[in-house]
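Student: next come a sequence and a model predicted from it.
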Amino acid sequence: MTCLKTLCSTSQLITLLLGVVFITLGSCRVLLIKFSANEEGKYEYLPVSVNVAAEFIKLVVCSGLSIRLFWKEERSWRDIQCSRKEDVLSFVKWAIPGLLYFIDNLIAFYIIKYFQPAMVVLLWNFGIISTSVLFRIVLKRKLSRVQWCSLGILFLSIVLLSNKSGYNMDHQKHHAVNHLITNTSVNSHIVCQAEISSITETGTKEDKPVIDLKSIQKAGLQFHFHTGHLLILVQCVISSLANIYNEKIFKEGNGMQESIYVQNSKLYLFGVIFNSLSVLVHGVYRRKVASCGLFYGHNKYSVAVIFITAIYGLTIALILKFKDNMFYLLSAQITTVVMVVMSIYFFDFKPDLDFFLTAPIVLFSILVYNLSKTSDMASHDLPQNLTSRSEHTKMPHTLYEMQPLNVESDDPET
């Protein structure tokens, strides 16, 4: 019994540590991406170069650990060869989350150019509904009514928070998120500027709302749905698909027996391929890299983003492997609170009274979800002998259900 308690406490400590690392890295990543832009809010470097470097670092780390594992277990290299059709299909399926994560990471740079970090993490919570629905469809896992209600309350509270007057972003420059333009670096005398396409010329103009919500504005709600919000919705769906599918192939079949280092090596190999192909295929990227180099225009913040993104990706892989998407999703809600506090300190973010009244609803909904999940697990873990015992000791509904006692009698006729 003591060993069981020690094991549970160790597991809880590891879970807590994993959540703290995830929240810290997620918060730092958003802040560093914002700091890496220049005074005009533009990137002097190619954001795709950050993803290429981060994926390469993750690939090197996981490949090295996989080689060390093979050498320690004295396994043959034939174990990793794709000699059969089934092995090839099992390997290629990692290309799907690799492609989705490539798009997800690239859109993140676009979104941060439209909003302050606090607004970014608030709007990212729209992924709650998409993740829950995909969680049910792809992984066939059911959520209780209480859990659905808690997620619905959480979703509505995030919508309410993002729609308050305290979050008015009119002072934010709504120029198009365009990293195709590369300005002159302050630390270099070389002028590297990519050709400006027609998209970049139109992108410097003020961003117009995608949907005219005049009826909503007449009701007193100031909410403009522009390109930034559209990118948020697209990223939420893509991120949910990537995480759900990644968890599925992490755990399906013999996935739990296979080393996470080997699985991640396959995933990050496709990540490097897709990010590198984007540099080669995109004409502006290709010309800029050819004339200035892949890492031109980087600063100390963008370099930090590379390593933070790499460690952040490894942390997500651990969560999807040994926990689940709901742990990832609910940990992200705490990141929201942390980012709001940091935005108040670093970016002069001024929330109103409604924020302080509505924000606790987010935490309460998370608490309700976790309590419901814990109670469901406890009900499923009841010993079978206890259930069978209760069936034997239940009161009969009718007299016909009562069984006579087998009592020995002295009467020879009985």
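Tutor: In hand now; what should we look at?
Student: so which strand or helix has residue 263?
Tutor: helix 260-281 (DSSP states H and E).
Student: any low-confidence regions in the stretch 151-300 of the chain?
Tutor: Scanning the stretch 151-300 of the chain for pLDDT under 70 picks out 158, 161-226.
Student: swap the cut-off to 80 and go again
Tutor: 154-155, 158-229, 253-256 (pLDDT under 80).
Student: what ranges does it have for its helices?
Tutor: For the stretch 151-300 of the chain, the helices defined by DSSP state H, counting those that start in this stretch cover 198-203, 214-218, 227-251, 260-281, 283-292, 300-322.
Student: nearest to residue 33, of those helices?
Tutor: helix 300-322 (5.7 Å; Cβ to Cβ). Quick note: C-beta positions are derived from backbone N, CA and C, even for glycine.
Student: give the other helices and strands that that closest one contacts.
Tutor: Using 3 or more Cβ pairs under 8 Å, 6 or more residues apart in numbering; DSSP states H and E, the elements in contact with helix 300-322 are helix 2-35, helix 47-73, helix 227-251, helix 260-281, helix 325-346.
Student: go with 10 Å
Tutor: For helix 300-322, the contact count by 3 or more Cβ pairs under 10 Å, 6 or more residues apart in numbering; DSSP states H and E identifies helix 2-35, helix 47-73, helix 95-112, helix 227-251, helix 260-281, helix 325-346 as packing neighbours.
Student: ok and that helix relative to helix 95-112, angle-wise?
Tutor: On the basis of axes from the mean of the first three to the mean of the last three Cα atoms, to 10 degrees, helix 300-322 is oriented at 140 degrees to helix 95-112.
Student: which parts of helix 300-322 are buried?
Tutor: The neighbour-count check on helix 300-322 (16 or more other Cβ atoms under 10 Å) flags 302-306, 308-317, 319-322 as buried.
Student: ok so, going back, is it possible to get TSV of the helices and strands packed on helix 300-322 that adds distance to residue 289 and mean neighbour count?
Tutor: Below are these laid out as TSV (distance: least, Cβ to Cβ, whole Å; neighbours: other Cβ atoms under 10 Å):
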stretch	distance to residue 289	mean neighbour count
helix 2-35	21	15
helix 47-73	8	18
helix 95-112	16	20
helix 227-251	25	20
helix 260-281	6	19
helix 325-346	32	19
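Student: which of those sits closest to residue 152?
Tutor: With Cβ to Cβ, the closest approach to residue 152 among the helices and strands packed on helix 300-322 belongs to helix 325-346: 13.9 Å.
Student: average pLDDT for the closest one?
Tutor: For helix 325-346, mean pLDDT rounds to 77.
Student: quick revisit: select, out of the helices of the stretch 151-300 of the chain, the one closest to residue 127.
Tutor: Relative to residue 127, the nearest member of these by Cβ to Cβ is helix 227-251, separated by 3.6 Å.
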